[in-house]
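Colleague: pasting the structure only:
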């Protein structure tokens, strides 16, 4: 029994070292490029999401991508478009992102965590005037997996994990 535990522990350690070795093999320039490209995807998501530009949002993801939002997994470009198009268009939406931590895994994959605060409030009569903000609908973190494709870096998985919410029935992300 002790031998089995030691072997399991040793194999787990070797797997961890191998994954760190892959990331360590990247040059500083490669790491910077990966971080920049993935950060751009994160900021583009917030920008296009607030414009409610479903096609541009979907284009940030791989064809078979998965995104967890509002407690539901959206899979593939059409479900990602539907997620955006199902917004309440009588509201103003704003996705504020702050901390963006991108961690290259190797030359073709990276993971990331992004802090986000999302506001949705009813549009006012004067659309040029600021909308009163009662509270953020939700504040939490996006957990992302990025992959390099023949079309550049894309998001292959995105999961929003709420930390704070206005109320369970009234959240969007």
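Modeller: Looks like it arrived, so ask away. From a predicted model like this one, the values you see are computed outputs, not experimental measurements.

Colleague: where along this structure do the helices fall?
Modeller: Under the criterion DSSP state H, the chain contains helices at 2-24, 28-51, 54-59, 76-85.

Colleague: Phi and psi next, for residue 124.
Modeller: Per-residue torsions, residue 124: phi -90, psi 170 (degrees, to the nearest 10).

Colleague: Which of the helices of the chain has the lowest mean pLDDT?
Modeller: Ranked by mean pLDDT, the helices of the chain bottom out at helix 2-24, with a mean of 50.

Colleague: Verify the stated contact: residue 75 with residue 68.
Modeller: No. Contact criterion CB atoms under 8 Å: residue 75 and residue 68 do not qualify, at 10.2 Å. No exception for glycine: its C-beta is placed from N, CA and C like everyone else's.

Colleague: Have a look at these two and say which one is more surrounded.
Modeller: For residue 75 versus residue 68, neighbours defined as other CB atoms under 10 Å are more numerous around residue 68 (16 against 12).

Colleague: For that one, which residues are in contact?
Modeller: 74, 158-160 (CB atoms under 8 Å, 6 or more residues apart in numbering).
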